[in-house]
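Asker: Let's see this in three dimensions:
(one chain, ligands or ions: 4)
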Amino acid sequence: MTYAKEKEVAIAAATAAAKLCEQVRADIPQAIEKKDKSPVTVADFGAQAIICQALAAAFPDDPVVGEEDAKELRKPEMAETLTKVTHYVQALSPDATPEDVTRWIDHGNGQVSSRYWTLDPIDGTKGFLRQDQYAVALALVENGEVKVGVLACPAMPLDGGQTGALYVAVRGEGATMVPLSGGEPQRLQVVMADDVANFRFVESVEAAHGDQSKQNAIAQAVGITTESFRVDSQAKYGIVASGKAALYLRLPSPKYPDYRENIWDHAAGAIVVEEAGGRVSDMYGQPLNFAEGSKMMNNRGIVVSNGTIHDQVIAALAEN
Ligand SMILES: Nc1ncnc2c1ncn2[C@@H]1O[C@H](COP(=O)(O)O)[C@@H](OP(=O)(O)O)[C@H]1O
Ligand SMILES: [Mg+2]
Ligand SMILES: [Mg+2]
Ligand SMILES: [Mg+2]
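Answerer: Ligands and ions are numbered 1, 2, ... in the order given. Down below sits the predicted model:
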């Protein structure tokens, strides 16, 4: 098996980070506003610290391109917040000091290179704050191709009543889902065209993260007549990979026409769907570019599908 160590380390780190997030969530998290006005919580910082610590120990030469950094957290007025983050990190890593925590977080300030990890410690922070879906997303990229992806979705309801899913994919080896609480990995397969009940589409809960009216029009144009299923975070990729939806559309919001997608918002999810038999591209059918930088400057919009309807979706987008 290729990437066996990468897979093992990524699973252990994402699972530990998911535990930290669930601990914070149980304590009613508060949002801190970032410079771009988006929210961040002690769980985003704590999860990035835990995962970067694990990656730095196992793969010291690999850069990590993570969403968060510790610049604000190091400011004296943030001391109380840093103490809280350290407290949650210590539940998993008892000897951690505040200095360790900020250093581990800043290990995630790496650059895209020929081999790097990309990390979203909490994708869907707004969902996390609403007690809805969120994901811990970690991926290994080599020469612009995602090779390993791990998505922990602690709030995902599973068939059988449990909660919490871990989606794992290695390039060429398929995708699996294992309950976060443990169990047998189940192989993932995207939905077939005759599975009418699951032939739905997913989109963001946050209207500002897409173009819901156009997303609905395109879904209708390819024959999806049921209402959209709104879910936060890369949990949407897990849902498509599990065959519980045929399509995930994320079209540029008319409010933010210059927005470019971040690599950490898509890398882990994309390999999970592709290895489950699906397809991922931008709205023009172009592959997502994970080789240039943290923002995908040459891609616009995201189309994720079960594969069979992909060309039809791209054609509908070209016409609308
Ligand atoms: N105008 C915009 N268009 C698309 N995505 C946006 C956006 N503004 C923020 N985002 C991204 O949307 C992600 C959440 O996705 P979703 O809407 O699918 O839950 C955020 O990740 P974080 O929550 O990690 O910050 C953020 O990176
Ligand atoms: Mg964010
Ligand atoms: Mg994100
Ligand atoms: Mg995030």
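
Asker: helices or strands up against the longest strand belonging to the chain?
Answerer: In the chain, ranked by residue count with DSSP state E as the criterion, the top strand is strand 145-157. The helices and strands touching strand 145-157, judged by 3 or more CB pairs under 8 Å, 6 or more residues apart in numbering; DSSP states H and E, are helix 4-26, strand 135-142, strand 163-170, helix 235-241, helix 267-275. (Each C-beta comes from the backbone N, C-alpha and C, glycine too.)

Asker: Which of these sits closest to Val64?
Answerer: Distances from Val64 to each of the helices and strands packed on strand 145-157 were compared by CB to CB, and the smallest falls on strand 135-142, at 9.0 Å.

Asker: quick one: strands adjacent to the closest one?
Answerer: For strand 135-142, sheet partners with direction are given as strand 115-123 (antiparallel), strand 145-157 (antiparallel), following DSSP bridges.

Asker: can the helices and strands packed on strand 145-157 go into CSV with extra columns for mean neighbour count and mean pLDDT?
Answerer: Below are the helices and strands packed on strand 145-157 laid out as CSV (neighbours: other CB atoms under 10 Å; pLDDT from 0 to 100):
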stretch, mean neighbour count, mean pLDDT
helix 4-26, 20, 97
strand 135-142, 28, 98
strand 163-170, 24, 98
helix 235-241, 30, 98
helix 267-275, 29, 99
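
Asker: Just send these back as a markdown table, with distance to Ala54 too.
Answerer: A markdown table is the format used below for those (distance: least, CB to CB, whole Å):
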| stretch | distance to Ala54 |
| --- | --- |
| helix 4-26 | 4 |
| strand 135-142 | 10 |
| strand 163-170 | 15 |
| helix 235-241 | 22 |
| helix 267-275 | 15 |
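
Asker: so which of the ones you listed comes closest to Ser93?
Answerer: Across those, the minimum distance to Ser93, taken as CB to CB, is reached by helix 4-26, at 8.6 Å.

Asker: how about that closest one against ligand 1, any contact?
Answerer: No. No part of helix 4-26 sits close enough to ligand 1 to count as contact by CB under 6 Å from any ligand atom; the gap is at least 12.1 Å.

Asker: residues in contact with that helix?
Answerer: Identification of contacts with helix 4-26 by CB atoms under 8 Å, 6 or more residues apart in numbering yields 1, 41-43, 46-48, 50-51, 54-55, 58-59, 88-89, 91-92, 121-122, 128, 131, 134, 136, 138, 140, 147-148, 150-152, 154, 164, 166, 168, 170, 180.

Asker: ok, now stretch 98-116?
Answerer: Around stretch 98-116, the neighbours that count as contacts under CB under 8 Å, 6+ apart are 45-46, 48-53, 55-56, 62-70, 73-74, 82-83, 85-86, 89, 93, 117-119, 140-143, 263, 290-294.

Asker: Selection in PyMOL covering whichever of the residues you listed are buried, please.
Answerer: In PyMOL, the members of these classed as buried (16 or more other CB atoms under 10 Å) are selected with the following command:
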select buried, resi 45+46+48+49+50+51+52+53+55+56+63+64+65+66+67+68+69+70+73+82+85+86+89+93+117+118+119+140+141+142+263+290+294
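
Asker: ok, which of the contacts of stretch 98-116 also contact ligand 4?
Answerer: Of the residues in these, proximity to ligand 4 by CB under 5 Å from the ion holds for Glu67.

Asker: Surely Tyr134 touches Pro121?
Answerer: No. Assessed by CB atoms under 8 Å, Tyr134 is found out of contact with Pro121, at 10.0 Å.

Asker: what ranges of this structure fall below the confidence cut-off?
Answerer: Scanning the chain for pLDDT under 70 picks out nothing.

Asker: Strands along that one, start to end?
Answerer: In chain order, the chain shows strands spanning 32-33, 39-40, 64-66, 115-123, 135-142, 145-157, 163-170, 175-179, 186-187, 201-203, 229-230, 247-250, 279-281, 302-305, with DSSP E as the criterion.

Asker: Tell me the residue in the chain that is farthest from the middle.
Answerer: Pro76 (31.1 Å; CA atoms, centre = their mean).

Asker: rewinding a little: could I get the strands of the chain in CSV, plus columns for distance to Gly108?
Answerer: Output for the strands of the chain, formatted as CSV (distance: least, CB to CB, whole Å):
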stretch, distance to Gly108
strand 32-33, 17
strand 39-40, 13
strand 64-66, 3
strand 115-123, 6
strand 135-142, 11
strand 145-157, 15
strand 163-170, 21
strand 175-179, 25
strand 186-187, 31
strand 201-203, 28
strand 229-230, 29
strand 247-250, 24
strand 279-281, 24
strand 302-305, 23
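
Asker: Of all the ones you listed, which one is nearest ligand 1?
Answerer: Nearest to ligand 1 among these is strand 115-123 (4.2 Å), distances taken as CB to the nearest ligand atom.

Asker: Would you mind getting the angle between that closest one and helix 4-26?
Answerer: With axes from the mean of the first three to the mean of the last three CA atoms, to 10 degrees applied, the angle from strand 115-123 to helix 4-26 works out at 20 degrees.
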